[in-house]
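Peer 1: Okay, here's the prediction I keep looking at, along with the sequence it came from:
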Amino acid sequence: MGIFNLIDINSWPRKFYFEHSYRNAKCTYSFTAAIDITNLLQTCNKHTIKLYPAMIYIISRAVNQVKELRIDINTDSQVGVWDFLSPCYTVFQQNEETFSNIWTTYDVDFATFHSNYIEDIKKYSEVKSFIAKPQQPDNTFPVSCIPWIDFTAFNLNIYNDASYLKPIFTLGKYTRQDNNQVTIPLAIQCHHANCDGYHAGLLVKYIRDLAESSEKWMVIR
C-alpha cells in the first residue's frame, strides 16, 4: 500500500487550476505518442525479456517521476498525492476472448519488478475474472495493450463525471520502419485538473529516455 499525503488546498499554487478543471469545467484529454523502442527491443531480446513487462516498467517509472500524475482524491474526497503508483495491467484470455486485470507492486529496480511481475503472471494469468489478482490497492493506475492495431490515435471515453484523476495508458502494435527503426504507439489519457501539457511532455520525455537507455537499467540478477 502506498502513502497518501494530503495537500493543503489553500496554500497550493495549483488550487485555481485544479478547481477549474475538476469542479467548474471538468476536462480530461488524450493523445498518442510514437515511442522509439529500437534499442529497447534489442535489449529485451538480449536478456530474453518480453516487451510488455518492459514497457509497463518504463511507464510506471516515468509516472512516478512526475508528481502531478500521482495526485488523487481519496474516499473522503480529500486531495493528496501518492508516494508511488503501481501498474494494473491487462492480460488477454485467449479462449474466452476477454481480458483480466493484474496489478504488480512498483519497484524502481527492474529486476525486482520483473520478478514480481513473473510471479503475478504465473499465479493469476489464468484466473477468469475482471480483477484476477485480489486486494488491488488504491494507488494503482491502468495499462492495457491492443497488440493487433498499430493505431496513430486512440481515445478512451470514461463516463464517470470526469472524476478519475490518474493517467491511463494504452499500447498498440509496434511497427518497423524502412530505416529499421521500431516504434510503438502509446495512448495517454490525463486529467487537466492535475496534469497540464507541460507535465504530459515530461512524462513522454521520461518514457522515451528510458526506452533509449534500456541497457543501463535492464539488469537481471
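Peer 2: That came through fine. None of the values given here were measured: they were computed from a predicted structure.
Peer 1: Please work out how many residues are found near the residue nearest to residue 136 when sequence neighbours are not counted.
Peer 2: Among residues not flanking residue 136 along the chain, residue 103 sits closest, at 5.1 Å (C-beta to C-beta, 6 or more residues apart in numbering). C-beta: built from backbone N, CA, C; applies to glycine. Using other C-beta atoms under 10 Å, residue 103 has 23 neighbouring residues.
Peer 1: Ramachandran angles for residue 103?
Peer 2: phi -110, psi 150 (degrees, to the nearest 10).
Peer 1: which residues does it contact?
Peer 2: 86, 87, 88, 89, 120, 133, 136, 137, 140 (C-beta atoms under 8 Å, 6 or more residues apart in numbering).
Peer 1: Confirm that the fifth one lies within a helix, as I assumed.
Peer 2: In other words, residue 120. Yes - judged by DSSP: H, G, I helix; E, B strand; the rest coil, residue 120 forms part of a helix.
Peer 1: Wait, it touches residue 102, no?
Peer 2: Yes - at 5.3 Å, residue 120 counts as touching residue 102 under the criterion of C-beta atoms under 8 Å.
Peer 1: Can you list the residue ranges for helices in the protein?
Peer 2: Ranges of helices in the chain, per DSSP state H, are 15-19, 38-47, 51-63, 110-124, 197-212, 214-217.
Peer 1: which residues of the chain fall in strands?
Peer 2: Ranges of strands in the chain, per DSSP state E, are 4-6, 28-36, 71-73, 79-82, 86-93, 98-103, 140-145, 168-171, 175-176, 182-191.
Peer 1: pLDDT wise, what is the residue nearest to residue 136 at?
Peer 2: Residue 103 is assigned 98 on the pLDDT scale.
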